[in-house]
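**Q** What would the 3D arrangement of this be:
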Amino acid sequence: MSIQKQTNNKSVLIVGTGTIGEPLIGLLADFKNKLKIGKVYFHKRTPLTDEYAKVESLISRGAKLVTNKDCKENFEKIGHKVSLTFDKALDEADVIVDCTPAGNKHKDKHYLPLDCEDTKRRIYIAQGSEKGFGTPYAYGINDDVLQEHYPNFIQVVSCNTHNIACLIDALSFSLRSWEIIKGDFVCIRRANDISQDDSFAPAPTISEHKDVVYGTHHARDACDLFRTQRKIIDLFSSAMKTNTQYMHSIRFNIRIKGGYTKQDILNQLYENKFVTLTEKTSANKVFSFGRDHGYYGRIFNQAVVVEPSLHVRQYQGETQVSGFCFTPQDGNSLLSSIAAILYGLHDDAYIEYMKQFDKYLFKKI
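**A** Model (predicted):
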């Protein structure tokens, strides 16, 4: 179906206005007409005077506020216009995107009962922390799982999982065979988002290897993502949290079948539109570039590979690729969330709509 024939009579409900929810609401409101979206609803549970400006900004851009029935009056008292109650918005929405850390609880309480009694097909999407919510998904990595299996519960994987999976996908070198032998990753995580006050780390803090096979959940989640394509790969990850709010970093060590030069690796990374290369070696400079040049201040690429850190070594018919990359925080998750939403609205035509965002994928930073 061509995108010209689509009508904008379908609606999206975003649950939550935090680190993922707020920019997703604003972005959908801005692109509503181009993406053929009828209405963009967003649910906020608690009326807060210090978030008055944020809510009003989203409303002014065309999004519609939704809240629980018993909270409606309190929102109106501080000057907000409430368009619908949560129950009515759930019933109207064609796509529901949960951007809260309670996605699985909401699934049991709201989404599964709604899905059981539905007379129309509805898509439910949750974010990376909500393991088990639905089919793991990352735009450009495993789109075939949407196009072949048509799941209605989707989990957009975490930002670091996007980064790891993108590196593996970019360096697999073949559409017909799986060339990766093993991948080892150290996720050097930023403490919290700049929009958050809680959970700041006063000093570097090491995470335990709680997973006996994968180390930390980052490698396991990437493997689960590839498993949707029946691809089995040997991955291991470690993690630590550092006292910065800028960006996550990942130190990678990937072994590939065959002999490749450093230029081969650079060419392969450059050809993948979800990878961007940078000669910058500090997170603050990359973060600043995203703030100044990215849409909504975000970098939508899945991995920012630090070119000076790249080390390539051949031995015994294998190539070992090592280096560092930055994770664009919620930017890569946002792009996959948009893709999943458009899949829910327009089926396979979502691929055509997503081409509008290619201009926000940088080749170099």
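
**Q** what residue ranges in this protein score low on pLDDT?
**A** Across the chain, the ranges flagged by pLDDT under 70 are 1-7, 174-178, 195-196.

**Q** again, 80 this time
**A** 1-8, 118-120, 173-178, 191-201, 245, 329 (pLDDT under 80).

**Q** Now the residue lying farthest from the centre of the chain, what are its backbone angles?
**A** Distance to the chain centre peaks in the chain at Gln316, reaching 37.1 Å (criterion: Cα atoms, centre = their mean). Per-residue torsions, Gln316: phi 50, psi 50 (degrees, to the nearest 10).

**Q** was I right about Met247 contacting Asp330?
**A** No. Contact criterion Cβ atoms under 8 Å: Met247 and Asp330 do not qualify, at 10.8 Å. Glycine gets a C-beta too; all of them are placed from N, C-alpha and C.

**Q** These two: who's more crowded?
**A** Asp330 (27 against 23; other Cβ atoms under 10 Å).

**Q** Run through the residues that contact Thr205.
**A** By Cβ atoms under 8 Å, 6 or more residues apart in numbering, Thr205 lies in contact with 240-242.

**Q** Most neighbours among the residues you listed, which one?
**A** Lys241 leads the contacts of Thr205 on contacts (other Cβ under 10 Å) with 20 neighbours.

**Q** ok but it is inside a strand, no?
**A** Yes. Assessed by DSSP: H, G, I helix; E, B strand; the rest coil, Lys241 belongs to a strand.

**Q** Tell me if I'm right that it and Pro202 touch.
**A** No. Between Lys241 and Pro202 there is no contact under Cβ under 8 Å: 10.3 Å.

**Q** The helix ranked longest in the chain packs against which elements?
**A** Longest helix of the chain, by residue count under DSSP state H: helix 330-346. Applying 3 or more Cβ pairs under 8 Å, 6 or more residues apart in numbering; DSSP states H and E, one finds that helix 330-346 makes contact with strand 11-15, helix 21-30, strand 95-98, strand 123-126, strand 135-137, strand 153-156, helix 159-170, helix 350-354.

**Q** Sheet partners, orientation included, of the fifth one?
**A** This means strand 135-137. Using DSSP bridges, strand 135-137 pairs in its sheet with strand 153-156 (parallel).

**Q** who touches the strand it pairs with?
**A** Identification of contacts with strand 153-156 by Cβ under 8 Å, 6+ apart yields 107, 111, 115, 123-128, 130-138, 146, 333, 336-337, 340.

**Q** For the buried ones among those residues, write the corresponding ChimeraX selection.
**A** What follows is the ChimeraX syntax for the buried subset of the contacts of strand 153-156, where burial is set by 16 or more other Cβ atoms under 10 Å:
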select :107,111,123,124,125,126,127,128,130,131,133,134,135,136,137,138,146,333,336,337,340
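
**Q** Can you tell me which of the helices and strands packed on helix 330-346 is nearest to Tyr270?
**A** Distance to Tyr270, taken as Cβ to Cβ, is lowest for helix 159-170 among the helices and strands packed on helix 330-346, at 9.3 Å.

**Q** what does the closest one rub up against?
**A** Residues from elsewhere that reach helix 159-170, judged by Cβ under 8 Å, 6+ apart: 128, 138, 140-141, 157, 180, 183, 185, 187, 189, 218-219, 221-222, 225-226, 233, 235, 237, 248, 250, 252, 254, 268-269, 272, 274-275, 302-303, 305, 325, 327-333, 336.
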